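Enquirer: what's the 3D shape of this:
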Amino acid sequence: MIDRLNIKVLTDSSYDTPRPTASPWVKARRIGFSAPGNFRKTLHNEWGLALALESQAGSQTRNLMLDFGYTFAALANNMDIMGVDPSKVQALILSHGHFDHFGGLIEFLQQNRAKLPASLTLYAGGEDNFCRRVSAGGTPGQFSESGVLDRRELAALKVRVVLCPTPTVIADQAFTTGVIERNSFERVLPNTWVDYSIKDGLGCDIPAAAEKARGKPVPDEHLNEHATCFHLKDRGLIVISSCGHSGIVNSTRQAMKVSGVDKVHAIVGGFHLFPADEAYLKQTVAELGKLNPDVLIPMHCSGPGLLAALRSMMPEQVVPSTTGTEFTFGA
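Expert: Numbering: from 1, shown residues only. Prediction:
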């Protein structure tokens with residue numbers, strides 16, 4: 001259980017200056033269009049997500065990084081503007097194996113490894129994080145590479161990788177959901193495809209999935225996606241679903257199940273609903289309403305349709321977010 005959580009949105013798809021947040025549950029602060037004292041340096045936006053998480057329990061503070069955006073250039077620029085010191089980072093978390101969430105990781109490590117703990121650990125959901133992703137082209141049967149995380153580079157940088165198919169406590173204060181059970185109406189909406197083969201030492205070792213795919217790319221189910229969570233004292237769960245391919249309702253229910261905590265305080269992150277039609281959005285918002293969170297902060301791939309639906313159906317709970325926003329929960 002923690003007393004406070006600070007989330008800095010280092011990388012997201014856009015920057016804006018929405019009206020000040022009136023929510024009594026979370027403080028939202030947005031930096032200006034440029035870096036303090038340097039009007040020529042501004043935030044960089046890109047398709048992807050990177051978050052800096054600082055939690056506090058009593059006198060103990062923990063600093064984690066959750067996902068790393070599409071490029072290190074944007075990540076480094078925005079970390080500098082938002083005052084995130086790499087030397088304070090104690091552990092790394094990867095939500096799933098999409099390039100827009102791990103693209104900045106390797107160069108971040110290359111540039112900062114000497115500042116980071118000698119025993120630095122990357123917590124990833126499972127072997128699926130290392131699969132080769134591909135995108136379907138305009139011609140049926142044609143695919144283009146969409147990036148793959150190279151575990152050899154992580155090993156060379158002396159990063160310990162811990163796969164977390166089951167719930168895992170991180171730095172005493174955060175925890176992951178483990179593999180997310182899919183037992184609601186939700187389905188994995190269109191995204192990349194996955195090639196379960198190993199080529200040139202790159203790829204994942206999931207024999208059952210590879211046998212089912214029979215050597216061909218198949219629609220990506222993100223078998224080992226996980227969410228990162230905190231239990232905030234006197235408030236309830238804060239669930240951070242970086243992309244939510246498994247379903248934002250499924251992800252939240254999984255956090256409730258593994259923690260034994262029924263009260264959901266906040267649901268934050270990517271909900272992957274930009275491909276959803278209006279009926280699916282309304283059903284999702286209705287189910288979110290049953291979970292009764294105090295705060296909803298959609299980011300990244302959530303989509304303008306979801307934001308509009310939330311503002312219509314749950315206006316008191318929704319809080320807007322863009323690159324450069326800082327959220328503080330608790331004391």
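Enquirer: residue ranges for the helices of the chain, please.
Expert: For the chain, the helices defined by DSSP state H occupy 72-82, 99-102, 105-112, 151-156, 207-213, 248-259, 278-291, 304-313.
Enquirer: just the C-alphas of the first one, formatted as PDB.
Expert: By that I understand helix 72-82. The C-alpha coordinates for helix 72-82 follow below in PDB (Å, rounded to 0.1, in the frame of the first residue of the first chain):
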ATOM      1  CA  PHE A  72      14.800   7.800 -27.400                       C
ATOM      2  CA  ALA A  73      15.000  11.300 -28.900                       C
ATOM      3  CA  ALA A  74      11.500  12.200 -27.800                       C
ATOM      4  CA  LEU A  75      11.900  10.300 -24.500                       C
ATOM      5  CA  ALA A  76      15.200  12.100 -23.600                       C
ATOM      6  CA  ASN A  77      14.000  15.500 -24.600                       C
ATOM      7  CA  ASN A  78      10.800  15.200 -22.500                       C
ATOM      8  CA  MET A  79      12.600  13.700 -19.500                       C
ATOM      9  CA  ASP A  80      14.900  16.700 -19.500                       C
ATOM     10  CA  ILE A  81      12.000  19.200 -19.700                       C
ATOM     11  CA  MET A  82       9.900  17.400 -17.000                       C
END
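Enquirer: ok, residue 316 to residue 22 distance?
Expert: Counting by Cβ to Cβ, to the nearest Å, the gap from residue 316 to residue 22 is 9 Å. Placement of C-beta: from N, CA and C, glycine included.
Enquirer: neighbour-wise, which of the two wins?
Expert: A count of neighbours by other Cβ atoms under 10 Å puts residue 316 above the other of residue 316 and residue 22, at 12 against 8.
Enquirer: show me what contacts that one?
Expert: By Cβ atoms under 8 Å, 6 or more residues apart in numbering, the contact set of residue 316 is residue 23.
Enquirer: can you check residue 101 too?
Expert: Residue 101 makes contact with 48-50, 67-69, 94-95, 242-243, according to Cβ under 8 Å, 6+ apart.
Enquirer: stretch 53-73: how far from the chain's middle?
Expert: 12 Å (Cα atoms, centre = their mean, to the nearest Å).
Enquirer: no no, stretch 290-306
Expert: Stretch 290-306 sits 13 Å away from the centroid of its parent chain (Cα atoms, centre = their mean).
Enquirer: that stretch: which residues count as buried?
Expert: For stretch 290-306, the buried set under the neighbour-count rule, 16 or more other Cβ atoms under 10 Å, comprises 291, 293-303, 305-306.
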